[in-house]
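*Asks:* A structural model of the following input is requested.
(one chain, ligands or ions: 1)
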Amino acid sequence: MKKVVLAYSGGLDTSCIIPWLKERNYETIAVIGDVGQGDNFEAIKKKAIKSGAKKVYCLNLQKELIEDYAFKALKAFALYEGKYNLACALSRPLIAQKQVEVAKKEKANALCHGCTGKGNDQVRFETTFRLMVPKMEIIAPVRVWEFKTREEEIDYAKKMGVPVPVTKKSPYSIDTNIYGRAIECGVLENPWNEPPKDIYAMTQDPQKAPNKPEYVTIEFSKGTPKKINGKAYGAVELVNKLNKIAGKHGVGRNDNIENRLVGIKSREIYENPAGTVLHLAIEDLASLVLDRESMQFRGQASQKYAELTYNGLWFTPLKEQLDAYFDKLHENTTGTVRIKLYKGTATVVGRKSKYSRYKESLATYGKGDTFDQKMAEGFNHLWATPFMK
Ligand code: ARG
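*Replies:* Numbering: from 1, shown residues only. A predicted model of the protein is given here:
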């Protein structure tokens, strides 16, 4: 029998994959990635074994997800198509990387995922696999297997002794980790339909959010968030804490029509309370400490970073080069941003930094003005000169 390492979620698809592979002479080593989806991992481990897995690894990847993936993307101001904080896209290369590590350790022959042929995730897994272990076989059962409907799949599960879910399947496809939640399918597939209230889990309905605004301060060191309201937190705790605070005020929802890499447009609802506030805060602090040219130039790099991440190209040279660029860019992004949260909105109301380039004596229209207005005359003259006939 050959050995295959499967990214296992505990859902019906990845559970059926195990006996399906066995029928094709592969024994499965299941890898469960805990990225903060809040599942019952003990139950999922048992389910993997019941479904026929030879061995199960359950890996807590939350710290790596936030420190090595999410906070890098944050420093890059990376938002896909200007909106999506890439929560799901960031988790896939991480899980794939872990699968490769397990595969090497277990001397496995193949890698496997449960993604369909219509999404981005297959690309993120397989590109990572191919770049790390170019020769290893990759199996994507859901793209090729014989089941046309969920009923057929359930019949197969019953036949093969795979535990079948007793609860009714949610009409939605949901992907969750600590950095965000993505919801699609069901009534959301019609882009005209307003998202039902019950699809949300990380954010309060803005209408029901507290009537009093709440202020939160976020302190950054070189572009990385370190403190909330003056208190230091580890990366994971910081994100959890901020998810709670911002989520309570209904901050971080967004409704997107998005362009998938495979050419399909999809409608996705995102919830990312912490990510929303962090992006707002770093953007603002950067505008305080960066000179004009640095501030204005970075846009293209950010867009590229988001596209590389979305398109599964995390482990590529350009992504690494851009990390180095953003590390340099953020040498002075140290300081504090004050944000007001209120019924679904997050608004920056204050910012400070010891590296601030803001000079009140130049900006002021009041007392203490040091700006020499006479100098502006010559400047204005020269500014137009190259274009004058
Ligand atoms: N559209 C997002 C992405 O490609 C999320 C994909 C998973 N979404 C889901 N609802 N299962 O990164």
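
*Asks:* tell me the contacts of Lys2?
*Replies:* For Lys2, the contacting residues are Asn25, Tyr26, Glu27, Ala108, Asn109, Ala110, by Cβ atoms under 8 Å, 6 or more residues apart in numbering. Backbone N, C-alpha and C define where each C-beta goes, glycine included.

*Asks:* for Pro206, that is, sorry about that
*Replies:* His249, Gly250, Arg253, Lys343, Gly344, Thr345.

*Asks:* which of these lies closest to the ligand?
*Replies:* Nearest to the ligand among the contacts of Pro206 is Arg253, at 14.3 Å by Cβ to the nearest ligand atom.

*Asks:* Could you give the bridge partners of the closest one?
*Replies:* Counting by DSSP bridges, Arg253 forms beta bridges with Glu271.

*Asks:* Quick check: the gap between it and Leu79.
*Replies:* 15 Å (Cβ to Cβ, to the nearest Å).

*Asks:* before we move on, the earlier item: going by neighbour count, which of the contacts of Pro206 are buried?
*Replies:* His249, Gly250, Arg253, Lys343, Gly344 (16 or more other Cβ atoms under 10 Å).

*Asks:* Wait, the first one touches Leu341, no?
*Replies:* Yes - if you go by Cβ atoms under 8 Å, His249 and Leu341 touch, sitting 3.9 Å apart.

*Asks:* shared neighbours of those two, which are they?
*Replies:* Shared contacts of His249 and Leu341, counting by Cβ under 8 Å, 6+ apart, come down to Pro213, Glu214.

*Asks:* coming back round to it: any chance of the contacts of Pro206 in a markdown table, with pLDDT and secondary structure too?
*Replies:* Converted to a markdown table, the contacts of Pro206 look like this (pLDDT from 0 to 100; DSSP: H, G, I helix; E, B strand; the rest coil):
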| residue | pLDDT | secondary structure |
| --- | --- | --- |
| His249 | 98 | coil |
| Gly250 | 98 | coil |
| Arg253 | 98 | strand |
| Lys343 | 98 | coil |
| Gly344 | 98 | coil |
| Thr345 | 98 | strand |
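
*Asks:* Against the ligand, which of these make the cut? List them.
*Replies:* Filtering the contacts of Pro206 for proximity to the ligand by Cβ under 6 Å from any ligand atom leaves nothing.

*Asks:* can those residues go into CSV with extra columns for distance to Gln373?
*Replies:* Output for the contacts of Pro206, formatted as CSV (distance: Cβ to Cβ, whole Å):
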residue, distance to Gln373
His249, 44
Gly250, 46
Arg253, 47
Lys343, 43
Gly344, 43
Thr345, 38
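
*Asks:* Mind picking the one among those residues that's closest to Trp145?
*Replies:* Arg253 (35.3 Å; Cβ to Cβ).

*Asks:* close enough to count as contact, the closest one and Ala201?
*Replies:* No - at 11.1 Å, Arg253 does not count as touching Ala201 under the criterion of Cβ under 8 Å.

*Asks:* Let me see the contact set for Tyr342.
*Replies:* Ala209, Pro213, Glu214, His249.

*Asks:* Now for the residue nearest to the third one when sequence neighbours are not counted: which residues touch it?
*Replies:* In other words, Glu214. Of all residues not flanking Glu214 in the chain, Leu341 sits nearest, at 4.9 Å (Cβ to Cβ, 6 or more residues apart in numbering). Applying Cβ under 8 Å, 6+ apart to Leu341 gives the contacts Pro213, Glu214, Tyr215, Val216, Ile245, Ala246, Lys248, His249, Val251, Val277.

*Asks:* So how do I select the buried members of those residues in PyMOL?
*Replies:* Buried residues among the contacts of Leu341 (16+ other Cβ under 10 Å), as a PyMOL selection:
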select buried, resi 216+245+246+249+251+277
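
*Asks:* Asp68: which of the contacts of Leu341 is nearest?
*Replies:* Taking the contacts of Leu341 together and measuring to Asp68 by Cβ to Cβ, the closest member is Val277, at 20.7 Å.

*Asks:* Confirm the closest one sits in a helix?
*Replies:* Yes - under DSSP: H, G, I helix; E, B strand; the rest coil, Val277 sits within a helix.
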